[in-house]
Structures are given as structure tokens and as C-alpha cells.
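In: predicted model, plus sequence, below.
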Amino acid sequence: EAGVVQSPRYKIIEKKQPVAFWCNPISGHNTLYWYLQNLGQGPELLIRYENEEAVDDSQLPKDRFSAERLKGVDSTLKIQPAELGDSAVYLCASSLGGTGSPMNTEAFFGQGTRLTVV
Amino acid sequence: AQSVTQPDIHITVSEGASLELRCNYSYGATPYLFWYVQSPGQGLQLLLKYFSGDTLVQGIKGFEAEFKRSQSSFNLRKPSVHWSDAAEYFCAVRGSTLGRLYFGRGTQLTVWP
């Protein structure tokens, strides 16, 4: 079974340019997360989706960041315009989701997209 | 608010030696606790998790962790480290069945041959 797939793996852009990251979660997983990982730090949640609905986006800088999850499957995270401080690894994760057993909430992570803003 | 502290930024051990990585969490009730490992350029892989029940949990790759409520700790252990265990290790906490994971800043493990 394929895991969480992210693309691109690496991206270098100039500041003020737009950039987008794509995530394909594990088939059947209703919950999708985008995490930001700065160098030397642990991941921090940007946004969490339950199916198509963004249920936790309190940490998403909405002035420049946006995300969407059309049809409750793939998701795209966009930054426009990018700033130097956005250089980081952007991780996507998914889990079965839903209520009930906490086992359904185990998160599986993709390999991430490393963004460098110059 | 939930938070995780990993007091050791970097640990170096010799191959074959035992390992303990420390993790302390802050949460009012019984948390869900996790340990993840991240190799360079890779995503995070789940090593083990604690939801309830037996406080000593076994994971993959020979790792185990013990939940100690009185100390708010969830330390990761391995009796004999292999060179391939060199990586970064993250402890994480979740306060409910749904919701975000709160990660510590990670501990970088170096293994000497």
C-alpha cells in the first residue's frame, strides 16, 4: 500500500514568488494534516482537514498561506508571496480519522517538501 | 495547553550501548503519547504509541517506552543501539482522539561504531 505522497520533494524560489505543495494521503484516510518543520525544531500543525472541512487552521498564517482539499482526497498548500522565513520542510500526514478508537488517529507522514526561499 | 519537552538536543552513544531518550509532557489528563523517528531527508516514522493500559509499550526496531504519570514522562529506551538507529527522535502528545500532535524539538542521536 502506498504511503502519503508529497511533491515536489525540493523547491527553491525567490522571495515574493508563489509556491504550491501537493499531498496525496493514504487511500481511505479522512483526516489530513499539514505540518511545518523549521530547522532544528519539531513539526507544528498548520491545518487539519476532516474530509473537505478545515477543522483546525488556527496556526495557518492566512495572509499568505492557503490550503484546499477538494473532494476530501488530495490537498494543496500554497504560499503567496513567499518570504525568506518560510524556508522549512512542509510535511503532510494522514490518518483514518472519525470518532471512536484512538487507533484511528495514528498519523502517517509523507517525506516532506523542503522549501528554500532565496 | 499541551506541550512536550525533550531536554537533550543531541546524544552520542557507542554501538551496542543502551539508550534512553527523555520526554516530559504537559497535559492535565491522560494524554496519548507517541515517539517518531526521522532519518535525514525523510518523513516521520512512528516507533510506538501509548493510549492506555500497560504503561510499558513495545515498538518497532527493538524500542520500548514507559509512561510514568507521576513524572509526566514517556522516555524511550533501547537495550543495544545499532548504527542504523542514528536519526532524530521526536516525542509527541495529543490530548484527545482527534486533534493535533504537539511535538518536542527532537533529540539527534549519533552512534559511534
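Out: Noted; the coordinates are in hand. Numbering: from 1, shown residues only, chains lettered A, B, ... in the order given.

In: so residue A:43 is in contact with residue A:34, correct?
Out: No - here residue A:43 lies out of contact with residue A:34, judged by CB atoms under 8 Å, at a distance of 9.7 Å. Every C-beta, even on glycine, is put in place using the N, C-alpha and C of the backbone.

In: shared neighbours, the two?
Out: residue A:91 (CB atoms under 8 Å, 6 or more residues apart in numbering or on different chains).

In: so between these two, which is more surrounded?
Out: residue A:43 (30 against 26; other CB atoms under 10 Å in any protein chain shown).

In: any idea of the pLDDT on that one?
Out: With respect to pLDDT, residue A:43 scores 95.

In: excluding chain neighbours, what is closest to it?
Out: Closest residue in space to residue A:43, ignoring its immediate chain neighbours: residue A:35 at 3.8 Å, by CB to CB, 6 or more residues apart in numbering or on different chains.

In: which residues does the one you found bridge with?
Out: residue A:45, residue A:91 (DSSP bridges).

In: with adjacent residues omitted, what lies nearest to the residue of chain B found nearest chain A?
Out: Closest contact between chain B and chain A, by CB to the nearest CB, is at residue B:103 (3.1 Å). Take residue B:103 and drop its neighbours on the chain: the residue closest to it by CB to CB, 6+ apart is residue A:42, 3.1 Å away.

In: okay, now that neighbour: neighbour count?
Out: 22.

In: that one belongs to a strand?
Out: No - per DSSP: H, G, I helix; E, B strand; the rest coil, residue A:42 lies outside any strand segment and is coil.

In: contacting residues around it?
Out: So residue A:42 contacts B:4, B:90, B:92, B:103, B:104, B:105, B:106 (CB under 8 Å, 6+ apart).

In: again, 10 Å this time
Out: By CB atoms under 10 Å, 6 or more residues apart in numbering or on different chains, the residues touching residue A:42 are A:35, B:4, B:6, B:36, B:38, B:44, B:88, B:90-92, B:101-106.

In: please name the nearest non-neighbouring residue to residue A:46.
Out: residue A:34 (4.4 Å).
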